[in-house]
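1. Model the structure of this input:
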Amino acid sequence: MAGLLLFLGVFRIPVEPMPVLFQIMFETAISIALVSAIILRGNIFVGLFFATAVYSMFIMSGMGTYFTFQGIFYGSVWYLIVVSFFREKHLNYLMNIICIIAIASMFWMGLQLYNLDPLYKPMNPALWGGRQIPTGLMLSRFSVAGLFVFCMPAFLRGYWHFWLIPLIVFIIPTDCKAGYIAIAAGLYFYLFLLARKYLWIGRKRFFRSSYFITGGGMFAYFLVSKGAASFYARWDVWKQAYHLIKTKLLTGAGISHWTLIADNPYGNKFIYSTEGKWWFMHNDFWQAGFDMGIWFLIVCAGFYIHAYRKYHDRAMISYIALGSMTVFTMAWFPFHNPITASIGITWLAILHIQQKNKEGLK
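-> Residues are numbered from 1 along each chain as shown. Prediction:
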């Protein structure tokens with residue numbers, strides 16, 4: 001803090017008027033202090049991610065940049081609060097709340113499937129035969145699928161297991177291929193970790209390799225047979241984004257810059273998709289790499305390598321959450337949704353607490 005005070009007292013930021021300078025000065029100082037606190041109290045790679053976002057904020061300025069950075073800032077504050085004040089004995093309370101959030105959306109989807117929702121009316125009734133669109137408490141079918149994916153690992157405890165059946169049933173009306181794959185991948189990973197922990201064969205190298213080869217084959221079959229059109233639409237956008245990323249590989253384009261390119265006033269000539277404009281890239285990793293440059297990709301790779309090296313069986317549930325969230329995030333944009341983002345950040349905090357304390361959940 002003394003170093004920050006010295007920096008702010010000596011370095012001059014050429015900004016006018018004074019209230020803007022005041023805001024930038026304290027935002028920068030508090031953000032750097034928050035980066036230091038997360039590195040010291042939490043995960044070094046989460047802290048470096050936030051540092052990359054702070055740097056990226058100065059690459060580009062605008063309303064979208066401001067609000068995106070505000071979301072990242074408060075998400076980082078939430079992460080720091082959880083890892084600082086919660087202990088292993090408190091984690092079941094957080095996971096119970098995550099389960100209740102999913103159950104509330106299941107209940108609301110039930111009303112919508114029977115056209116009984118008193119609050120929400122479909123924008124296009126003809127699309128669903130006059131019935132209400134099953135979105136739960138979210139804004140779209142795909143968003144509620146993401147909510148179920150992010151909440152699913154919390155049901156892998158005690159009597160909460162029984163709620164897995166209705167969760168899987170309710171994700172079917174969403175017709176979200178990424179949701180199906182992420183739920184299946186999470187449960188598949190769960191079975192692998194159980195075998196690794198309890199079965200003799202699960203400790204054998206050939207079992208680990210064959211298990212993931214089989215899973216990869218099933219994933220490829222489902223992708224080609226059921227979700228080919230959706231995948232190819234995404235692939236077209238990702239390829240075009242790759243050519244733009246190469247031009248800003250070191251600096252990045254600046255947070256929220258992708259949205260401006262996708263919605264440019266010249267007929268979307270830069271980014272073309274058979275499904276129209278894509279304000280989100282449908283892959284939060286790739287979009288963050290576009291906005292923040294290669295530094296984000298390096299930090300992200302470091303995070304996953306660190307998580308792999310720190311694995312222990314007592315943190316199994318949070319690792320399943322990490323796996324299922326990763327799969328879904330590669331095909332959608334859940335961290336641009338405040339509800340799924342808050343749950344995802346909570347899981348990252350739970351993961352760190354379990355890695356640190358190495359105590360299991362009942």
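
2. Mind giving me the packing neighbours of the lowest-mean-pLDDT helix or strand in the chain?
-> None of the helices or strands of the chain scores lower by mean pLDDT, DSSP states H and E than helix 257-262, at a mean of 74. Using 3 or more C-beta pairs under 8 Å, 6 or more residues apart in numbering; DSSP states H and E, the elements in contact with helix 257-262 are helix 63-85, helix 284-292. From N, CA and C alone the C-beta is placed, and that goes for glycine too.

3. Let me know the distance separating Trp160 from Met106.
-> Distance of Trp160 to Met106, computed by C-beta to C-beta, to the nearest Å: 13 Å.

4. can I have stretch 238-248 written out in CSV, keeping just the CAs?
-> What follows is stretch 238-248, C-alpha atoms only, in CSV (Å, rounded to 0.1, in the frame of the first residue of the first chain):
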residue,chain,number,x,y,z
TRP,A,238,-13.6,-18.9,-34.3
LYS,A,239,-11.6,-19.1,-37.5
GLN,A,240,-12.4,-15.5,-38.4
ALA,A,241,-11.5,-14.5,-34.8
TYR,A,242,-8.2,-16.3,-35.1
HIS,A,243,-7.1,-14.1,-37.9
LEU,A,244,-8.0,-11.0,-35.9
ILE,A,245,-6.2,-12.4,-32.8
LYS,A,246,-3.0,-12.8,-34.7
THR,A,247,-2.9,-9.0,-35.3
LYS,A,248,-3.2,-8.2,-31.5
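
5. and it, which residues are buried?
-> By neighbour count with 16 or more other C-beta atoms under 10 Å, stretch 238-248 contains the buried residues 238, 240-241, 245, 248.

6. So which of those residues is the closest to Asn43?
-> Ile245 (25.5 Å; C-beta to C-beta).

7. what bits of the stretch 251-362 of the chain have low per-residue confidence?
-> Along the stretch 251-362 of the chain, the parts satisfying pLDDT under 70 run over 262-278, 357-362.

8. All the helices of it, residue numbers only.
-> Along the stretch 251-362 of the chain, counting by DSSP state H, counting those that start in this stretch, helices occupy 257-262, 284-292, 294-309, 316-329, 338-357.

9. The stretch 1-150 of the chain now?
-> Using DSSP H, counting those that start in this stretch, helices in the stretch 1-150 of the chain cover 2-10, 18-41, 44-57, 63-85, 91-113, 141-151.

10. right, so those: which one is the most enclosed?
-> Mean neighbour count (mean count of other C-beta atoms under 10 Å) peaks for helix 141-151 among the helices of the stretch 1-150 of the chain, with a mean of 27.

11. Now do that helix: which elements does it pack against?
-> Using 3+ C-beta pairs under 8 Å, 6+ apart: helix 141-151 touches helix 91-113, helix 164-171, helix 177-198, helix 316-329, helix 338-357.

12. Out of these, the one nearest Val299 is which?
-> Using C-beta to C-beta as the measure, helix 338-357 is the one of those that comes nearest Val299, at 13.2 Å.

13. buried set for the closest one?
-> By neighbour count with 16+ other C-beta under 10 Å, helix 338-357 contains the buried residues 339-355.

14. So which residues make contact with stretch 162-174?
-> 99, 102-103, 105-106, 109-110, 113, 134, 136, 141-142, 144-145, 148, 151-152, 155-156, 179-180, 183 (C-beta atoms under 8 Å, 6 or more residues apart in numbering).

15. What's the mean pLDDT across that stretch?
-> On average, the pLDDT along stretch 162-174 is 92.

16. Put the alpha carbons of that stretch into CSV.
-> Taking Å, rounded to 0.1, in the frame of the first residue of the first chain, the C-alpha atoms of stretch 162-174 are listed here in CSV:
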residue,chain,number,x,y,z
PHE,A,162,-31.7,-37.9,-5.8
TRP,A,163,-32.1,-34.5,-7.5
LEU,A,164,-29.8,-35.5,-10.4
ILE,A,165,-32.6,-37.4,-12.1
PRO,A,166,-35.0,-34.3,-12.4
LEU,A,167,-32.0,-32.1,-13.3
ILE,A,168,-31.2,-34.4,-16.2
VAL,A,169,-34.9,-34.6,-17.2
PHE,A,170,-35.3,-30.8,-17.2
ILE,A,171,-32.2,-30.1,-19.3
ILE,A,172,-33.8,-32.1,-22.1
PRO,A,173,-36.4,-29.4,-23.1
THR,A,174,-33.6,-26.8,-23.3
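
17. how far is it from where the chain is centred?
-> 21 Å (C-alpha atoms, centre = their mean, to the nearest Å).
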